[in-house]
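Engineer: how does the following fold in three dimensions:
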Amino acid sequence: MEHQPFAPPCPENGFHSRQVELLLSSYLRLLGQPLLPPHPVNNPAQQIFEAKRVVLSHDTAADPVFNYANRAALTLFETRWQDLIGMPSRFSAEPVAREERERLLAEVGAKGYIDHYSGVRIAKTGKRFLIRNAVVWNLYDENQTYRGQAACFAEWTPLD
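Structural biologist: Residues are numbered from 1 along each chain as shown. Just a heads-up that it's a prediction; the model follows:
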């Protein structure tokens, strides 16, 4: 049932295991370590969805849209899966200065990831928060085709 992108992750759709496998394999390949340690009971897709660390991804569109968010991300951004998935990811952030954005994109392009990103994000309700020490990485499938970007972080501070 992976073909239902607007259905929230659950056992019936395998917790969107195809997208999570892309997240996990790209992270491991680029950073040389697992995104989360293995869990003896949960399957990896369920473990990522239920993790305390925020995990999100967006696609390769000219104006990229979110295509995955775990429960921690939905809670932090104060939204529902149905409202976040398909939304342009730029709406989750304050406008970034051109120089900073170009530097960030150049670094991710050169290394395939960065592991020290900080920036202000905005919840659906308008609340602002600062994320720190986020990892942003490129997503590549088994054929090394670029499939988007993902981010994860466990540190944030409310600003409002």
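
Engineer: now do the buried residues in the longest strand seen in the chain.
Structural biologist: Secondary structure of the chain per DSSP state E: the longest strand is strand 128-140. For strand 128-140, a neighbour-count test (16 or more other C-beta atoms under 10 Å) marks F129, I131, A134, V135, V136, W137, N138, L139, Y140 as buried. Heads up, the C-betas are built off the backbone N, CA and C, glycines and all.

Engineer: show me what the fourth one is bridged to.
Structural biologist: By that I understand V135. When bridges are called by DSSP bridges, V135 pairs up with C152.

Engineer: residues in contact with the residue most central in space within the chain?
Structural biologist: The residue lying closest to the centre of the chain (C-alpha atoms, centre = their mean) is L56, at 1.8 Å. Under the criterion of C-beta atoms under 8 Å, 6 or more residues apart in numbering, the neighbours of L56 are F66, Y68, A69, N70, A73, S89, A150, A151, C152.

Engineer: inside strands: which ones of those?
Structural biologist: Taking DSSP E, the ones among those that sit in strands are F66, Y68, A69, A150, A151, C152.

Engineer: starting from the helix or strand where E107 lies, tell me the next helix or strand along the chain.
Structural biologist: Applying DSSP states H and E as the criterion places E107 in helix 98-111. Tracing the chain C-terminally past helix 98-111 and defining elements by DSSP H and E, one meets strand 113-122 next.

Engineer: separation between W81 and A73?
Structural biologist: If you measure W81 against A73 using C-beta to C-beta, to the nearest Å, the figure is 10 Å.

Engineer: no wait, L23
Structural biologist: Relative to A73, L23 is positioned 12 Å away (criterion: C-beta to C-beta).
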